[in-house]
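> 3D, please:
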Amino acid sequence: MRAVVTARPTPHRVDATEDGIDPYRWNLGLLDKVAVEAGLQIADEVVVVGIGGERARKAVRSALRMGADDALLVEYDPINETVGEK
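Sure, this is the predicted structure:
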C-alpha cells in the first residue's frame, strides 16, 4: 500500500535581534510529521507532496529525512504566477 502525505511548511517563532533577519523559521508542520510517522507504520511506501518555493522544499526534505520513500515538489509562487494573464 502507498501513503501520500502533504508537507506544509509552518512558521516557528525565533528571536531575531538584528534587523533584516526573518523572525520565523519555517519547518515541517507538526500534523504533517504525525502523518509521515503514521504512513511509515502502516504503508509499504510513503510519498510526500509539497507545493511552494524554498520553504516547501525544506519541508519535503525534512519528511524525507524522517524516512519517506519518495517526494514530489510542485514549485509555485503565487506572486510571480498570475491567473488570467493576457
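
> need the strands for this protein, in chain order.
Remark: strands assigned in the chain by DSSP state E are 2-6, 9-13, 24-28, 45-52, 70-75.

> Could you say which of the ones you listed is packed most deeply?
Stretch with highest mean neighbour count among these: strand 45-52 (a mean of 20; mean count of other C-beta atoms under 10 Å). All C-beta spots, glycine's among them, are computed from the backbone N, C-alpha and C.

> what does that strand contact?
Strand 45-52 is contacted by residues 1-9, 36, 39-40, 56-57, 59-60, 63-64, 67-77 when judged by C-beta atoms under 8 Å, 6 or more residues apart in numbering.

> For it, what does the pLDDT average out to?
Taken as a whole, strand 45-52 carries a mean pLDDT of 94.

> Direction included, what does that strand pair up with?
Strand 45-52 has the following sheet partners, assigned by DSSP bridges: strand 2-6 (parallel), strand 70-75 (parallel).

> In CSV, list the ones you listed along with distance to residue 26 and mean pLDDT.
CSV is the format used below for the strands paired with strand 45-52 (distance: least, C-beta to C-beta, whole Å; pLDDT from 0 to 100):
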stretch, distance to residue 26, mean pLDDT
strand 2-6, 15, 95
strand 70-75, 15, 94
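
> May I see those organised as a markdown table, with distance to residue 47 added?
Formatted as a markdown table, the strands paired with strand 45-52 follow (distance: least, C-beta to C-beta, whole Å):
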| stretch | distance to residue 47 |
| --- | --- |
| strand 2-6 | 5 |
| strand 70-75 | 5 |
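
> Would you mind measuring from the nearest residue to residue 77 once chain neighbours are set aside to residue 26?
In space, and not counting its chain neighbours, residue 77 is closest to residue 53: 5.5 Å by C-beta to C-beta, 6 or more residues apart in numbering. Distance, residue 53 to residue 26, using C-beta to C-beta, to the nearest Å: 10 Å.

> Next, the contact list for the residue nearest to residue 77, please.
Each residue near residue 53 by C-beta under 8 Å, 6+ apart is listed here: 75-77.
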